[in-house]
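# A structural model of the following input is requested.
(one chain, ligands or ions: 1)
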Amino acid sequence: MKVRIYKNIKHSLLNEMARVKILKDISINNYGRFVLYWMQSSQRVKYNFALYEAIKKANELKKPLVVLFVINENFPYGSRRNFLFMLEGLKEVYEELRKLNIRFVVHIGDPVKHVLEFSKNASILFMDVGYTKFLREWRKNIVEEIKVPVVAVEDNVVVPVEVTSNKEEYGAYTIRKKIQKNLKDYLVPLDFPQISFPPFREILFSFDIRNPKDSINRLHFRYNVSETHYFVGGYSNAKELLKDFVQNKLSKYIEKKNDFSENFTSNLSPYLHFGQISPIEIALTVLDSSVEDIEKEAFLDELIVRRELAFNFVYYNSRYDRLEGLQPWAYETLQNHKFDERPYRYSFSQLENAETHDPLFNAAMMELVKTGKMHGYIRMYWGKKIIEWSESLEIAFKFLEDLNNKYALDGRDPNSYAGIAWCFGKHDRPFKERPIFGKVRYMSENSIYKKFDVQKYIERVKNL
Ligand code: FAD
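Here you go, the predicted model:
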């Protein structure tokens, strides 16, 4: 990714328009008492273009703006860990919106039901965009039932998915150019809009999120995963991490990003997952820094190309959460080797409890369980080992999905499914054929032990 393509970016109106999609084109409810923005995937104020559009519409209609968030306790893999992180972010959203005189209402339950109920008093609904099945289903059901216009604004990717490509892309090398040619229109700073709409004065019930540690005790989850002290949610923490990354790590990103014994990546994926910070704000901050272009390019390639390849995958491939979502060559080669002898076989609980013969795998698993995140390079090794040691490919896929989404703060994301599928050959090329993996890339302990200080990593995890 060449930094020069970011230079001389001019703000164009076109980019704003393409982010905005009218999902229900009916006349505005003039009797509505407010403009409604249902916040779901973009849990932030800054660089939240759905919020920006809602503000502009509220100004135009001279009606107050109400922002609604619905906490859904049945969210896949819902746990104290990921909900506390989310509440920490929402607390900041509440504080920021309060300063702007914008009402923020939080409810608990089924988002479809609550949004439809709220929309009865609204003139128009704004929403952000969701990509995984669960999130798309909510939006589809709302649009089908609602009686006011609906506008969706895509702001968690730099280039809107359909602008980049109209089909599923084969890999990073096919999507890269398509993204790059659009950056001049989409990677642009956007000012927070002026507010001229009147404040909302009515009393509305809201779940209290001012103290996340208290609020979390009033929620119920299916998964029993405790909070992690290693990551605290919210925009201001994301900004701190970004600042530290740009000042102290970015200049060594290429040399050190794969070295899991050190900590030289941004650790921003949990914040990106909850939409607590915008990828556009991250990219612009990186571009503004005085670090060498080559380091910036390497980072932006991960943040934009790799990440948006994952969004392209889940958007265009309805089988992203199954083996059938793989490219035919990968699917076939794995099937050809499905009866190959496995050197070890582990159950879900043996993997989850880090009870394998491999200290490196066990350390990786413990890093995930304890901190809520696993280093990106070792995550690939971890995934490949689960394939190697599981009874079948289907079981391996399910184990990976469950372990990743249960423990990782950044789990349940398009990146989760692209990352898991990558271990099975997605977005990769064929390699020399070998047992179990066929032509899918294999990662061996030996080469990792040679390249990195594995013992240092194991010790680091032990001391967590
Ligand atoms: P940095 O190196 O600082 O990169 C910055 C950002 O770029 C990341 O936050 C992420 O958004 C993006 N990025 C970096 N590497 C990748 C990549 N390989 N693919 C796509 N985007 C990337 N990522 C998740 O966000 N959530 C997941 O649940 C997830 N599960 C994964 C499971 C497996 C088996 C594998 C192999 C990878 C998975 N990844 C996942 C991708 C990757 O490991 C993480 O995005 C990365 O480690 C996040 O750490 P960071 O923010 O410090 O990365």
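# which residue packs closest to the residue in the stretch 1-150 of the chain that the ligand sits nearest to, ignoring adjacent ones?
Using C-beta to the nearest ligand atom, the closest approach of the stretch 1-150 of the chain to the ligand is made by residue 77 at 10.5 Å. Where you see a C-beta, it was placed from the backbone N, CA and C, and this is true even at glycine. Distances taken as C-beta to C-beta, 6 or more residues apart in numbering put residue 405 closest to residue 77, at 4.3 Å, once the chain neighbours are dropped.
# Provide the secondary structure category for the one you found.
helix (DSSP: H, G, I helix; E, B strand; the rest coil).
# What residues does this structure have near the ligand?
Selection of the chain residues close to the ligand by C-beta under 6 Å from any ligand atom yields 257, 265-269, 272-273, 302-303, 306-307, 310, 376, 379-380, 383, 404, 408, 410-411, 413, 415-416, 418-420, 422-423.
# all strands of the chain, in order?
For the chain, strands defined by DSSP state E occupy the ranges 20-24, 34-38, 65-71, 103-108, 122-128, 150-153.
# nearest to residue 178, of those strands?
Of all the strands of the chain, it is strand 20-24 that lies closest to residue 178, at 19.3 Å by C-beta to C-beta.
# Give me the sheet partners of that closest one and which way each runs.
Neighbouring strands of strand 20-24 in its sheet, by DSSP bridges, are strand 150-153 (antiparallel).
# mind exporting the strand it pairs with as CSV, just the C-alpha atoms?
Only the C-alpha atoms of strand 150-153 are listed here, as CSV (Å, rounded to 0.1, in the frame of the first residue of the first chain):
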residue,chain,number,x,y,z
VAL,A,150,-34.7,4.2,7.1
VAL,A,151,-31.2,5.4,6.2
ALA,A,152,-28.1,3.3,6.8
VAL,A,153,-24.7,4.8,6.9
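# Check the offset of it from the chain's centre.
20 Å (C-alpha atoms, centre = their mean, to the nearest Å).
# Identify the residues contacting it?
Strand 150-153 is contacted from outside by 19-24, 49-50, 52-53, 57, 124-129, 139, 142-143, using C-beta atoms under 8 Å, 6 or more residues apart in numbering.
# buried subset of those?
Using 16 or more other C-beta atoms under 10 Å as the burial test, the contacts of strand 150-153 include 19-20, 23-24, 49-50, 52-53, 57, 124-129, 139, 142 as buried.
# where does the stretch 1-150 of the chain have low pLDDT?
Where the stretch 1-150 of the chain drops to pLDDT under 70, the residues are 1-16.
# Count the neighbours of residue 134 for me.
Neighbours of residue 134 under the rule other C-beta atoms under 10 Å: 12.
# what's the nearest residue to it if we skip its chain neighbours?
residue 76 is the one closest to residue 134 (C-beta to C-beta, 6+ apart), at 6.0 Å.
# is it true that that neighbour touches residue 406?
No - if you go by C-beta atoms under 8 Å, residue 76 and residue 406 don't touch, sitting 9.6 Å apart.
# The two: who's more crowded?
Using other C-beta under 10 Å, the more surrounded residue of residue 76 and residue 406 is residue 406, with 21 against 15.
# measure the nearest residue to that one once chain neighbours are set aside to residue 319 for me?
The shortest distance from residue 406 to any non-neighbouring residue, by C-beta to C-beta, 6+ apart, is to residue 77 (5.2 Å). Counting by C-beta to C-beta, to the nearest Å, the gap from residue 77 to residue 319 is 20 Å.
# Looking at the two, which is more packed in?
Per other C-beta under 10 Å, whichever of residue 77 and residue 319 has more neighbours is residue 77, with 20 against 10.
# Now for the more buried one: which residues touch it?
Shown in contact with residue 77 (C-beta under 8 Å, 6+ apart): 223, 402, 405-406, 411-412.
# 10 Å instead?
221-223, 225, 401-402, 404-408, 411-412, 416 (C-beta atoms under 10 Å, 6 or more residues apart in numbering).
# If any of those residues are buried, put those into a PyMOL selection.
Selection command for PyMOL covering only the buried members of the contacts of residue 77, criterion 16+ other C-beta under 10 Å:
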select buried, resi 221+223+225+401+402+404+405+406+407+408+411+412+416
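# Need the contacts of residue 77 in CSV (columns: distance to residue 69 and pLDDT).
Converted to CSV, the contacts of residue 77 look like this (distance: C-beta to C-beta, whole Å; pLDDT from 0 to 100):
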residue, distance to residue 69, pLDDT
221, 17, 93
222, 20, 91
223, 21, 95
225, 22, 97
401, 26, 98
402, 27, 98
404, 25, 98
405, 21, 98
406, 23, 98
407, 24, 98
408, 22, 98
411, 20, 98
412, 17, 98
416, 22, 98
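# tell me which of the contacts of residue 77 is nearest to the ligand?
residue 416 (3.1 Å).
# Surely the closest one is in contact with residue 408?
Yes - applying C-beta atoms under 10 Å as the test, residue 416 and residue 408 come out as touching, 7.2 Å apart.
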